[in-house]
Each structure stands twice: as structure tokens, then as C-alpha cells.
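*Asks:* pasting the sequence and the predicted coordinates here, then a few questions.
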Amino acid sequence: MRKRVVITGMGTINPLGNNVAETWDSVFNGRSGIGLTSHFDTSAVPDKVAAEVKGFDPAAALGRKDARRMDRVTQLSVFAAKEALDSAGLEVTADNRDRIGAIVGSGIGGIQSFRIGTNVHSERGPRAVSPFMIPMMLPDTPGGEIAIRYGIRGPNIGVSTACATGTNAIGEATEMIRRGSADVMLAGGAEAAIDPVIIAGFSRMGALTKSQDPATACTPFDLNRSGFTPGEGAAVVVLESEEHAKARGATILAEVVGYALTNDAYHISAPAGYGAVTCMNLAMENAGINVDQVEYINAHGTSTKLNDKTETEAVKEVFKAQAEKLAISSTKSMHGHLLGGAGALETIISAGVLQQSIVPPTLGYSTPDPDCDLDYIPNEARDLSVNYILSNSFGFGGHNATLVIGKY
């Protein structure tokens, strides 16, 4: 019989809050974390808005010496992992450390460390490059640092599937527990790429919002949407087999009941739709549920013209007549697009939906789009008792990932 996998702890730092409680309070009350970019001077570029983490002091949170040797993406990851472990009440000991693992991914990795190292090399030569640059820039370093800091010796890999990273990390960690490779897994994603070079790259490919007003920057499914708003942050969940969680008396917050991943095999950055259709169907098959049992979809909903239209079409293809009855929202309208961290943060938000019987809004929605004609929960949260949630993530490279998260 397949092992059931449950969520017993959660931790996050993101534009909506520096912990889970602050994040839930913001998202269910429709408060946006999007503002004018402060991480670098935007006077020479058209892209002025971002969803930034606020009030985070890495030296105070992690210790000055350790913080200096971590890229921001790793700092955020380690910080989120601590809250996740604390909330799970999980103590890592010599007796259990080999059965606890971590999969924490990043789509871009330590880009700021790489850019700084490149600049130093150009200006001062190779001997001036930091000996810490390589481990600081690698996308698997967040999971490695978490393992070192907390003494976790079980399975440890770094997933990197662009904007599907966080969802894949949680899904693959779930599968590790199901097959008996670990009893407990820390899983999630992170990104810290509000960086001038990365923003320039996204801007040049036409992916970023054209709005310079934070209030209208990210409006998923709206007719006037113009691109995504870059965000940063980290989100980590503690996953356990049900029997392990029960044996130690843990509080079970939600259950990961289904997971699937597919690829469009179509285009490096544009979605095809059929891959998402297959992915959602396979995730529900994996969960052993049908379309009538899903009440809410946490959409990928990036606020780009093509993604939102394609995702809407995919939902309609999967759910048929049931699609019109679904509650659907994109919380990226409030926290922006965390890229590799997005799916993990949206999993934590989905757990809050199950806990509080509230579905979050799609903020900034004002003008309906004939191509996006479903119920996107415009602007105000809605009371709704939910048993099963689909959480979608799609990434450059044609990656599709879907989790089915259920009330325990």
C-alpha cells in the first residue's frame, strides 16, 4: 500500500511576510507586496516594480560570518527552513538524521554572487575573485547549506526546473517518502534574482510587466495584463510519512495526495497547453480523485498574455463543464513571481486555504478578458470550504508540474 505523505511544518520569507502567519494574513486580506524596486537603480530601465522581501537582516538571522558566505538565495532558504523545522516540532538527532532529507531548488541560483564575481574578475583580475564564489552561485547550495546547518544526512538534491522548481521539489520529495527512501523531507524553492542583469534579460524577451504602477503591475487573467512582476523569497515545507508523523505526535496541516510532471516538448519559453492538460489529469489520477472533487485551483497565473490564456484553456479542457464551478486565483497578483520559489510558496498558501476555509483573491482584476472567462476570485477573498486543491506551476523549458493538496 502506498504511503500517505503529510505536511507537518512550513516556513517562508517572501514579499507578503517574513513567516507563514504574516503571509496568510496578507494573502487572505488582499494586501499586495509589490512596490517600486529598491534593490538597484532603475533610472535607466523601463522596469520599475518588483515584489521584494522586506526587513530581512541576514547577519542577525544567520550570524554575520555565515551570512557573508551565502548568496541571498541561500540566506532566504536557510531562514525559511528554520521556521519549517520549528513549526513541525522536529528535532534532528543522531538517531533520525539519516532518514531526513532535503530537496530545495532554485531556478537561477546565486546569480548575484556570479555577477559580483564576474565584475571583480573584469576589474581586478582572477586572483581577486572570492574563493567562495562557486558554492555561493550553485543552485543546489540552498539544500546543501540547510543540510549542513541542521545536520540532515538523508537524500539531498537540488531541483532546477525554472518556474516549476518549487512544485517539483515538493513532488519529488513526496515520491522519496512514498518509496521509503526517507521518513521526513524538507522541500521547497527559493529565488533572489531581482538583479539588474536578470531583469534586463527578462525585459528584453518581453516577459515583464509594462506597468510602472505597483497597483496595476500584476493583474493575472485581466484583459490589460502586460507581463509578470519579478519577486523573491523562499518557502520550505516539512513532509513526513503519515505513520512517522503520527508516531511522534506531530500536528498534520495538510496532505500531498497527488503529483505529476510533464513537458510540452514545444518551445523553450512559450506554453503549449497540452502538457498542462496531461499534467493535471495525471496528478488527479495519482491522487485517486476526479474532477468533481477539486474545488480550488491555485493557478500559475503569471499575468502574461499567453500563459493566462493557455492555462485557462487547459483548465477548461481538463474540467469540461466543471471548470465554470471552480474557484481559481493567482496569488502572484500579490507576491509577484518568485520563479523557482513560486510553487513552494503557493503550496503554503494552499495549506492555508485548507486550514482557514478561505480562497485568496486575484488582486487588481478589473477588465474581463473573453479568452479568460472563468471565476478568478477578483479582488476579495471568498469563504469556501475546500477539500482538494490543484496547484499548477509551468516553467521555461516546457516544464509542467501539478500538486494535489488535500485536507487531512
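*Replies:* Good, I have the coordinates.

*Asks:* could you measure from the nearest residue to Ala270 once chain neighbours are set aside over to His337?
*Replies:* Distances taken as Cβ to Cβ, 6 or more residues apart in numbering place Leu306 nearest to Ala270, at 6.0 Å, with adjacent residues excluded. Where C-beta positions appear, they are placed from N, C-alpha and C, glycine not excepted. Leu306 sits 14 Å away from His337, going by Cβ to Cβ, to the nearest Å.

*Asks:* neighbour count winner among these two?
*Replies:* His337 (28 against 13; other Cβ atoms under 10 Å).

*Asks:* quick check, Phe221 in contact with Asp371.
*Replies:* No. Phe221 lies out of contact with Asp371 (Cβ atoms under 8 Å); the separation is 9.1 Å.

*Asks:* and these two? Which one has more around it.
*Replies:* Per other Cβ under 10 Å, whichever of Phe221 and Asp371 has more neighbours is Phe221, with 28 against 13.

*Asks:* tell me how the chain divides into domains.
*Replies:* 5-247, 256-403 (automatic domain parsing).

*Asks:* check the offset of the longest one from the chain's centre.
*Replies:* Distance of domain 5-247 from the chain centroid (Cα atoms, centre = their mean, to the nearest Å) equals 8 Å.

*Asks:* just the last one next, same as before
*Replies:* The gap between the average C-alpha position of domain 256-403 and the chain average comes to 13 Å, counting by Cα atoms, centre = their mean.

*Asks:* restrict the top helix by length along the chain to CA atoms and write it as CSV.
*Replies:* Secondary structure of the chain per DSSP state H: the longest helix is helix 72-88. Extracted in CSV, the C-alpha atoms of helix 72-88 (Å, rounded to 0.1, in the frame of the first residue of the first chain):
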residue,chain,number,x,y,z
ARG,A,72,20.9,35.9,-0.8
VAL,A,73,19.0,32.9,-2.3
THR,A,74,20.7,30.6,0.3
GLN,A,75,20.2,33.1,3.1
LEU,A,76,16.4,33.1,2.4
SER,A,77,16.3,29.4,2.1
VAL,A,78,18.0,28.7,5.4
PHE,A,79,15.8,31.2,7.2
ALA,A,80,12.6,29.6,5.8
ALA,A,81,13.9,26.1,6.7
LYS,A,82,14.3,27.1,10.3
GLU,A,83,10.7,28.2,10.6
ALA,A,84,9.6,25.0,8.9
LEU,A,85,11.5,22.8,11.3
ASP,A,86,10.4,24.8,14.4
SER,A,87,6.8,24.7,13.3
ALA,A,88,7.0,20.9,12.8
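
*Asks:* please enumerate the strands of the stretch 101-250 of the chain.
*Replies:* Per DSSP state E, counting those that start in this stretch, the stretch 101-250 of the chain carries strands over the ranges 156-157, 184-191, 233-241.

*Asks:* each with direction, which strands does the second one pair with?
*Replies:* The pairing partners recorded for strand 184-191 under DSSP bridges are strand 100-105 (parallel), strand 233-241 (antiparallel).

*Asks:* reformat the domains of the chain as JSON lines; add mean pLDDT.
*Replies:* Shown next, in JSON lines, are the domains of the chain (pLDDT from 0 to 100):
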{"stretch": "domain 5-247", "mean pLDDT": "97"}
{"stretch": "domain 256-403", "mean pLDDT": "97"}
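
*Asks:* just the element for the closest residue to Leu363 other than its chain neighbours, please.
*Replies:* Nearest residue to Leu363 in three dimensions, chain neighbours excluded: Ser333, at 4.0 Å (Cβ to Cβ, 6+ apart). With elements taken from DSSP states H and E, the one containing Ser333 is helix 332-335.

*Asks:* do the same with Ile348
*Replies:* Ile348 belongs to helix 342-356, assigned by DSSP H and E.

*Asks:* quick check: which of the strands of the stretch 101-250 of the chain is nearest to Thr74?
*Replies:* strand 184-191 (7.7 Å; Cβ to Cβ).

*Asks:* taking helix 342-356 as reference, get the angle to the closest one.
*Replies:* Put simply, strand 184-191 runs at 120 degrees to helix 342-356, going by axes from the mean of the first three to the mean of the last three Cα atoms, to 10 degrees.

*Asks:* going C-terminal from the helix or strand that contains the residue nearest to Ala270, what's the next secondary structure element?
*Replies:* Leu306 is part of helix 305-319 when elements are defined by DSSP H and E. Counting by DSSP H and E, the next helix or strand C-terminal to helix 305-319 is strand 327-329.

*Asks:* re earlier: dump the strands of the stretch 101-250 of the chain into JSON lines; add distance to Thr23 and mean neighbour count as well.
*Replies:* Below are these laid out as JSON lines (distance: least, Cβ to Cβ, whole Å; neighbours: other Cβ atoms under 10 Å):
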{"stretch": "strand 156-157", "distance to Thr23": "26", "mean neighbour count": "18"}
{"stretch": "strand 184-191", "distance to Thr23": "13", "mean neighbour count": "34"}
{"stretch": "strand 233-241", "distance to Thr23": "9", "mean neighbour count": "31"}
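
*Asks:* residue contacts, the most centrally placed residue in the chain?
*Replies:* Centroid-nearest residue in the chain: Ala342, 2.2 Å away (criterion: Cα atoms, centre = their mean). Going by Cβ atoms under 8 Å, 6 or more residues apart in numbering, Ala342 touches Cys163, Gly166, Gly189, Glu191, Gly231, His300, Lys332, Ser393.

*Asks:* from these, pick the one nearest Ala80.
*Replies:* Checking the contacts of Ala342 against Ala80 with Cβ to Cβ, the nearest one is Gly189 at 9.7 Å.

*Asks:* bridge partners for the closest one, pull those for me.
*Replies:* Gly105, Ala235.

*Asks:* surely Phe396 meets Ala164?
*Replies:* No. If you go by Cβ under 8 Å, Phe396 and Ala164 don't touch, sitting 9.1 Å apart.
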